[in-house]
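Colleague: pasted the sequence and its predicted model underneath.
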Amino acid sequence: MKKWGFLLIFSICLGVTAFMIVPFFQDKKGVIENGVVEGKLSSGNIKKVEIRVEQIYQGNLLLVNSKYPVRNESIKSDVINLNTRKELVKGYRLFNSVTYLSEDIARKFSDMVLDAEEDKVSSFLITSGFRGFDEQSKLYKEMGSIRALPAGYSEHNLGLSLDVGSTQGKMEVAPEGEWISKNAWKYGFTLRYPEDKTNITGIMNEPWHIRYVGLPHSAIMKEKNFVLEEYLDYLKEEKHISATVNGQKYEVFYYPVTEHTTINVPANLRFEVSGNNTDGVIVTVFPDNV
């Protein structure tokens, strides 16, 4: 697989290029009128799409913490036992014979660690993936509140998160841990619980726990040193940002959702809608060749 060489470009609204390797953000705030959220798309035709309230609780950008639990409709529908799908276990090993994860996330993780082999880093393993509520409850009882979370309040209950280990030692010191810290964002993953954000996440440093959010979100979070709580607050404040990653421009919109909400989306470009698990949805508009 071709290795990603990501560059971020940071520009200001006047169109003057600033620093390389920094994303380009614009503050284009939507206006809510009569239940229709009017976001300004930069190019192409638009169409209106109705957003259902349940979409707040579905997608790759769901915030899960002590305040916002996982709902049944939030769980990835493609969770599989990786041990029965050996074709997906490439570039890494499984610590347990029964390890569950979203099939889509497993493919993305495999793509990432196969690229790591080009940097001569190749001793990855998955120590934990998706956990059902019953398994999470059992773990919480066995390990206690310091080392585990109650059922429904762990990202592992989503199917989007996994714990990554190394056969070379602890992730804090292993080459695999260093590689993940530097490169995971290029593939849409983020280190969910960094050491300098424990006051925000409420979770101790976990250099092994990664979470899929997708591009361009992982790139923006990496550049601005945001954890998911900070990033979603940032989107809520800005309403609309643009980010150029590897020469490709993405647009990201936040929309609050009520019982009857209609939003503008591009008619001629691919887009994804993800809830934030609190009060709205994030619309990501992709470049026409992505």
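Modeller: That came through fine.
Colleague: quick check: residue 163 touching residue 208?
Modeller: Yes - counting by Cβ atoms under 8 Å, residue 208 is a contact partner of residue 163 at 4.8 Å. Every C-beta, even on glycine, is put in place using the N, C-alpha and C of the backbone.
Colleague: list the residues that contact residue 85.
Modeller: 103, 106 (Cβ atoms under 8 Å, 6 or more residues apart in numbering).
Colleague: then the one 5 residues further on?
Modeller: Neighbour list for residue 90: 110, 114 [criterion: Cβ under 8 Å, 6+ apart].
Colleague: how near is it to residue 280?
Modeller: 37 Å (Cβ to Cβ, to the nearest Å).
Colleague: low-confidence ranges in this protein?
Modeller: 1-44, 146 (pLDDT under 70).
Colleague: intersection of neighbour lists for residue 163 and residue 208?
Modeller: With Cβ under 8 Å, 6+ apart, residue 163 and residue 208 have common neighbours residue 127.
Colleague: which of those two has more neighbours?
Modeller: Neighbours per residue (other Cβ atoms under 10 Å) separate residue 163 from residue 208, with residue 208 holding more: 22 against 16.
Colleague: surely the more buried one and residue 169 touch.
Modeller: No - Residue 208 lies out of contact with residue 169 (Cβ under 8 Å); the separation is 11.7 Å.
Colleague: end to end, how far does stretch 125-132 reach?
Modeller: Stretch 125-132 has an end-to-end distance of 21 Å (Cα to Cα, to the nearest Å).
Colleague: in that stretch, what's buried?
Modeller: For stretch 125-132, the neighbour count (16 or more other Cβ atoms under 10 Å) marks 125-131 as buried.
Colleague: which one of these is nearest residue 199?
Modeller: The nearest member of these to residue 199, counting by Cβ to Cβ, is residue 128 at 24.8 Å.
Colleague: contacts only, for the nearest residue in space to that closest one that is not next to it in sequence.
Modeller: Spatial nearest neighbour of residue 128, excluding adjacent residues (Cβ to Cβ, 6 or more residues apart in numbering): residue 163 at 4.1 Å. By Cβ under 8 Å, 6+ apart, the residues touching residue 163 are 126-129, 156, 206, 208-209.
Colleague: likewise for residue 47?
Modeller: So residue 47 contacts 264-267 (Cβ under 8 Å, 6+ apart).
Colleague: buried subset of those residues?
Modeller: Buried among those (16+ other Cβ under 10 Å): 264-266.
Colleague: how many neighbouring residues does the nearest residue to residue 131 once chain neighbours are set aside have?
Modeller: Leaving aside its sequence neighbours, residue 131 sits nearest to residue 156 (Cβ to Cβ, 6+ apart; 4.4 Å). By the measure other Cβ under 10 Å, the count of residues near residue 156 is 25.
Colleague: surely residue 156 meets residue 127?
Modeller: No - here residue 156 lies out of contact with residue 127, judged by Cβ under 8 Å, at a distance of 11.1 Å.
Colleague: residue 254 in helix, strand or coil?
Modeller: strand (DSSP: H, G, I helix; E, B strand; the rest coil).
Colleague: so what sits opposite it in the bridge?
Modeller: residue 282 (DSSP bridges).
Colleague: quick check: it touching residue 233?
Modeller: No - Residue 254 lies out of contact with residue 233 (Cβ under 8 Å); the separation is 10.0 Å.
Colleague: all set, thanks.
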